[in-house]
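Peer 1: Sequence and predicted structure are below.
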Amino acid sequence: MRFLVSTIGSRGEAQPVTALAVQLKELGNEVKVVAPPDFEDLVTSNGVEFTPAGPTLRTVTAVKLKPEDLGRLAEESVREQFRVVKQAAEGADVLVAGGALQHATRSVAESIDAHYVYASFCANTLPSPHHAPPAMLGRVPVNGTPEENLAQWDQQRHFFAHSRETLNAERAQLGLAPIDDVRDHIFGDAPWLAADPVLGPWPGPGELVQTGAWLADDQRPLSPALDAFLDDGEPPVYFGLGSMRGAQDAAATAIESARVLGKRVVLQRGWADLRLSDHAPDCIAIGEVNQQALFRRVAVVVHHGGAGTTTTAAAAGAPQIVLPHMYDQYYWGEQVERLGIGRSAQAVTTEVLGDVLQLAEQAAKVATLVRTDGARVAAQRLMELNRAS
């Protein structure tokens, strides 16, 4: 069978998409991944064919955009998605869209009579009266009554509608009828939830396929310098913001709080290029790393609240401090608090860090419940879906 798996998101979307592609390939299928050019090495190093789409995200996110620029970039993104996905999907049996704002994938699937599956990596990015929508453009919705939650979901429809004319123009070129509701068109009739059922359960109503999180089995060794640092004392505190453009002072505050409590720190530079303020031996700065291996050897994981990092830390049994910036990150902060395995905070203070250090036993218990086979489950279900047609 032939599969195309696409995303236009950051590493939080590219990594699970790659994990799914690896499992599909191991099961004997032909697989292509469409993603931003930032993730070519991630995909190809796993032996999967890669097609770049759009600009380099690391460059785009480094520039502060004006509101009018956002609209122009959205239209350019839709046209680019259609161009790339249409070419890459030739001969595909199933097209999978992993993550938000993928305007082209379903339309291309329709045009070639292929199956289409939209997969979300977080429950609160899919409409439900039982939760508010994710944070958008600085506004963080608050859970309310079912009626209030649905009203908030309706208010967010306009985020999708901006690209409707461009979407329909591209559909017309494929011989397809126009659509009215862009959001529901992208989500499809039966979206999947690629999140761990303990960490991020679907609240209902209605049933959907929840496969578990799409995690790769990362076998990369830690660098000799990091390995030696970890061996040279008690488990440190990890601080990393992934692809977020976090402020340098957030890292400095976290390091100061850790030092007050006698804890060492592993600082991941990330896209914000975070730096250590001094050369003291109680801290080490690192680049890209095998988080699965590292998180098993730290006392606390401080991070931005991405779905992948939250799940990896939970599976490793590490207590967490979530510093949410946007979108689903506030949701993941709520989930670690709900499970008693961490805190959601605006900054790492000595008080917050001290409290979270006491949650190690609960975090270890929850770790035994986190599934690590979600990508395999999803790959098998996708193959069954195609066979059933």
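Peer 2: Thanks, I have the structure now.
Peer 1: alpha carbons only for contacts and neighbour counts from here, please
Peer 2: OK.
Peer 1: Just the pLDDT at residue 206, thanks.
Peer 2: Residue 206 carries a pLDDT value of 73.
Peer 1: Can you give me the neighbour number for it?
Peer 2: Here the number of neighbours of residue 206 (other C-alpha atoms under 10 Å) works out to 7.
Peer 1: what secondary structure does it sit in?
Peer 2: Secondary structure, DSSP: H, G, I helix; E, B strand; the rest coil: residue 206 is coil.
Peer 1: For the stretch 101-250 of the chain, just list every one of the helices.
Peer 2: 105-111, 146-155, 157-161, 164-173, 182-187, 224-231, 248-260 (DSSP state H, counting those that start in this stretch).
Peer 1: Can you name every helix or strand that the stretch of helix or strand residue 79 belongs to contacts?
Peer 2: Residue 79 is located in helix 67-88, with elements delineated by DSSP states H and E. Contact analysis of helix 67-88 by 3 or more C-alpha pairs under 8 Å, 6 or more residues apart in numbering; DSSP states H and E lists strand 30-35, strand 49-52, helix 105-111, helix 164-173 as its packing neighbours.
Peer 1: Would you tell me which of the ones you listed gets closest to residue 307?
Peer 2: Residue 307 lies closest to strand 30-35 among the helices and strands packed on helix 67-88, at 17.7 Å (C-alpha to C-alpha).
Peer 1: And the contacts of stretch 331-350?
Peer 2: With contact meaning C-alpha atoms under 8 Å, 6 or more residues apart in numbering, stretch 331-350 is reached by 124, 134, 199-200, 250, 253-254, 257-258, 260-261, 305-307, 310, 314, 318-324, 330, 352, 356, 359-360, 362-363, 366.
Peer 1: Can you list the low-confidence ranges for the stretch 1-150 of the chain?
Peer 2: Along the stretch 1-150 of the chain, the model assigns pLDDT under 70 to residues 59-71.
Peer 1: in stretch 207-214, what counts as buried?
Peer 2: Of all the residues in stretch 207-214, those buried under the rule 16 or more other C-alpha atoms under 10 Å are 210-214.
Peer 1: make that stretch 257-270, sorry
Peer 2: Neighbour count says stretch 257-270 has 257-259, 263-270 buried, by 16+ other C-alpha under 10 Å.
Peer 1: what sits against the residue lying closest to residue 316 once chain neighbours are set aside?
Peer 2: Of all residues not flanking residue 316 in the chain, residue 296 sits nearest, at 5.1 Å (C-alpha to C-alpha, 6 or more residues apart in numbering). Contact analysis of residue 296 by C-alpha under 8 Å, 6+ apart lists 316-318.
Peer 1: do the same with residue 53
Peer 2: Contact analysis of residue 53 by C-alpha under 8 Å, 6+ apart lists 8, 34-37, 80-81, 84.
Peer 1: Name the stretch among the helices of the stretch 101-250 of the chain that sits most buried.
Peer 2: helix 105-111 (a mean of 22; mean count of other C-alpha atoms under 10 Å).
Peer 1: hmm, who's touching that one?
Peer 2: Contacts with helix 105-111, where a contact means C-alpha under 8 Å, 6+ apart, come from 6, 81-82, 85-86, 89, 94-97, 115-116, 171, 174-176, 185-186, 188.
Peer 1: 10 Å instead, please
Peer 2: For helix 105-111, the external contacting residues (C-alpha atoms under 10 Å, 6 or more residues apart in numbering) are 4-7, 81-87, 89-90, 92-98, 113-118, 167-168, 170-171, 174-177, 185-188.
Peer 1: Can I get it in PDB? Just the C-alpha atoms.
Peer 2: C-alpha atoms of helix 105-111 as PDB (Å, rounded to 0.1, in the frame of the first residue of the first chain):
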ATOM      1  CA  THR A 105      -4.700  17.000   2.000                       C
ATOM      2  CA  ARG A 106      -8.400  16.200   2.100                       C
ATOM      3  CA  SER A 107      -9.000  17.800  -1.300                       C
ATOM      4  CA  VAL A 108      -6.100  16.000  -2.900                       C
ATOM      5  CA  ALA A 109      -7.400  12.700  -1.400                       C
ATOM      6  CA  GLU A 110     -10.800  13.400  -3.000                       C
ATOM      7  CA  SER A 111      -9.300  14.100  -6.300                       C
END
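Peer 1: Pull the distance from it to the chain's centre.
Peer 2: 23 Å (C-alpha atoms, centre = their mean, to the nearest Å).
Peer 1: for stretch 207-217, same thing?
Peer 2: Distance of stretch 207-217 from its chain centroid, counting by C-alpha atoms, centre = their mean, is 12 Å.
Peer 1: Straight-line length of it, end to end?
Peer 2: When the termini of stretch 207-217 are compared using C-alpha to C-alpha, to the nearest Å, they are 29 Å apart.
Peer 1: which residue sits closest to residue 260, ignoring its sequence neighbours?
Peer 2: Distances taken as C-alpha to C-alpha, 6+ apart put residue 350 closest to residue 260, at 7.1 Å, once the chain neighbours are dropped.
Peer 1: any idea how far that neighbour lies from residue 357?
Peer 2: Here residue 350 is placed at a distance of 10 Å from residue 357 (C-alpha to C-alpha).
Peer 1: Next: residue 291.
Peer 2: Counting by C-alpha to C-alpha, the gap from residue 291 to residue 357 is 19 Å.
Peer 1: need the contact list for the residue nearest to residue 164 when sequence neighbours are not counted.
Peer 2: Closest residue to residue 164 apart from its sequence neighbours, by C-alpha to C-alpha, 6+ apart: residue 182 at 6.3 Å. Applying C-alpha under 10 Å, 6+ apart, one finds that residue 182 lies in contact with 101, 103, 157-165, 167-168, 188.
Peer 1: Can I get those residues in CSV including distance to residue 18?
Peer 2: Converted to CSV, the contacts of residue 182 look like this (distance: C-alpha to C-alpha, whole Å):
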residue, distance to residue 18
101, 18
103, 20
157, 29
158, 30
159, 27
160, 26
161, 29
162, 29
163, 27
164, 29
165, 31
167, 26
168, 29
188, 22
